[in-house]
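**Student:** Mind looking at a prediction? Sequence and model below.
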Amino acid sequence: MSKNDQIVIKIDLSALDAIPKIIYISWKTKDILNNQSPVILNGITNLKELNPGYTLEISDDDDIEIYLKEHLKSWDYIKIKNKKIVEKVDLWRLLKIYNEGGIYVDIDRYCNIPFDDIIKKDSKCILPTYQDVDFSQDIMISAKGNPIFKKVIDRNLKKRMLLNPRGVFHLGPPLYMRAVTKAVFGKSYKRKPGKEVMEKFRELLTNDKHFQTYKELLPNDSLIYKHDETTFKKGNGLDKDNFYKSQNIKTWSSGYDTNTLILISILIPVLIIFLLIKFIF
């Protein structure tokens, strides 16, 4: 028996309700549907037009802050209060999917396939993979109360500190991959576990009527999008990078969170005083 043959699904989602018909999007402002970038026209605009039976809920930065404050314990909220908005959204979307169920989609994902053509009757959770690297966390589809997302939330909060030396990324894809595989297969797997392992994951999920999966090759081949040049909306021609620049959005890895800046502002004077004392005496 090969190592991959021993991988089995160890979670039963049959008791969960159906996946609610609600789509969650986060952005700094709620008027984003007026934007003429191809990122928006082929993304959230298509999402709304192709899914008339679904509620589209756009949450701005203030909404994110309020939701986190209302749904986290005091200490957990304190740990994320001064973080960058990207890090807050990472946790917020997990809480939304677990607490309410539905669909979360990153705003820069294209869409041209209706969810009613994707989600099967008995599906409780859809776990696409990013190539053979890991499970995608920029799209989340699940019934309410899914223990998989409870596992991810618990691990995120446990690993979170006032200062995260390993950065935002560590609490993102690597943590998500480990928590999802632990919840579903009973064992934590790191990102890039190998093509054979990822294929085994997808095979098992496909054969379980309560799961769905898809091997995504972003941006043009995903669970919700198959590129078609004849229907692709050109809009104002801004690509993803220029769209973000036009919206004054910095990359997730740029800058420092407030906690780090506070620490630096304390350490620099302390260091200067220490050096002065050492020099004088």
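**Tutor:** Good, I have the coordinates. Since the model is a prediction, treat every value here as computed from it, not as a measurement. Residues are numbered from 1 along each chain as shown.
**Student:** burial measure for the nearest residue to V180 once chain neighbours are set aside, as a count.
**Tutor:** Leaving aside its chain neighbours, V180 sits nearest to F135 (5.0 Å; criterion: C-beta to C-beta, 6 or more residues apart in numbering). Where C-beta positions appear, they are placed from N, C-alpha and C, glycine not excepted. Neighbour count for F135, taken as other C-beta atoms under 10 Å: 23.
**Student:** What is the three-state secondary structure of Y24?
**Tutor:** For Y24, the secondary-structure state derived from DSSP: H, G, I helix; E, B strand; the rest coil is strand.
**Student:** hang on, the earlier thing: these two touch, right, the residue nearest to V180 and P128?
**Tutor:** Yes - using C-beta atoms under 8 Å, F135 is in contact with P128, at 7.2 Å.
**Student:** after the strand or helix carrying W92, next one along is what?
**Tutor:** Using DSSP states H and E, W92 falls within helix 85-100. Next in sequence after helix 85-100, counting helices and strands by DSSP H and E, comes strand 102-105.
**Student:** And that next one, what does it pack against?
**Tutor:** With contacts taken as 3 or more C-beta pairs under 8 Å, 6 or more residues apart in numbering; DSSP states H and E, strand 102-105 sits against strand 22-26, helix 85-100, strand 139-142.
**Student:** Kindly recompute the last result at 10 Å.
**Tutor:** strand 22-26, helix 44-50, strand 55-59, helix 85-100, strand 139-142 (3 or more C-beta pairs under 10 Å, 6 or more residues apart in numbering; DSSP states H and E).
**Student:** Next one: the closest residue to K10 other than its chain neighbours from L205, what distance?
**Tutor:** Distances taken as C-beta to C-beta, 6+ apart put G186 closest to K10, at 4.0 Å, once the chain neighbours are dropped. Relative to L205, G186 is positioned 14 Å away (C-beta to C-beta, to the nearest Å).
**Student:** Please point out which parts of the helix or strand where Y77 lies sit buried.
**Tutor:** Y77 is part of helix 74-81, with elements assigned from DSSP H and E. Under the neighbour-count criterion of 16 or more other C-beta atoms under 10 Å, helix 74-81 has 76, 79-81 buried.
**Student:** Off-centre distance for it?
**Tutor:** Centre-to-centre, helix 74-81 and its host chain are 19 Å apart (C-alpha atoms, centre = their mean, to the nearest Å).
**Student:** what mean pLDDT does that helix have?
**Tutor:** Mean pLDDT, computed over helix 74-81, is 94.
**Student:** For stretch 223-239, the averaged confidence score.
**Tutor:** The predicted model assigns stretch 223-239 a mean pLDDT of 97.
**Student:** Nearest spatial neighbour of D228, chain-adjacent residues omitted?
**Tutor:** Here the residue nearest D228, using C-beta to C-beta, 6+ apart, is N112, at 6.8 Å.
**Student:** Number of residues surrounding the one you found?
**Tutor:** Residues near N112, counting by other C-beta under 10 Å: 19.
**Student:** Contacts only, for it.
**Tutor:** Counting by C-beta atoms under 10 Å, 6 or more residues apart in numbering, N112 touches 42-43, 46-47, 49-50, 222, 224-228, 231-233.
**Student:** Likewise for L72?
**Tutor:** The contact partners of L72, taken as C-beta under 10 Å, 6+ apart, are 78-81, 91-92, 95, 153, 157.
**Student:** what about 8 Å?
**Tutor:** 80, 95, 157 (C-beta atoms under 8 Å, 6 or more residues apart in numbering).
**Student:** can you tell me which of those residues lies nearest to I66?
**Tutor:** Closest approach to I66 among the contacts of L72 (C-beta to C-beta): L95, at 12.0 Å.
**Student:** got the residue ranges for the strands in the protein?
**Tutor:** Counting by DSSP state E, the chain has strands at residues 22-26, 55-59, 102-105, 125-126, 129-130, 134-135, 139-142, 211-212, 215-216, 221-222, 225-226.
**Student:** and the third one, average pLDDT?
**Tutor:** Think strand 102-105. Summarised as a single mean, pLDDT over strand 102-105 is 98.
**Student:** Have a look at G186 and L205 and say which one is more surrounded.
**Tutor:** Taking other C-beta under 10 Å, G186 and L205 do not tie; L205 has more neighbours (22 against 12).
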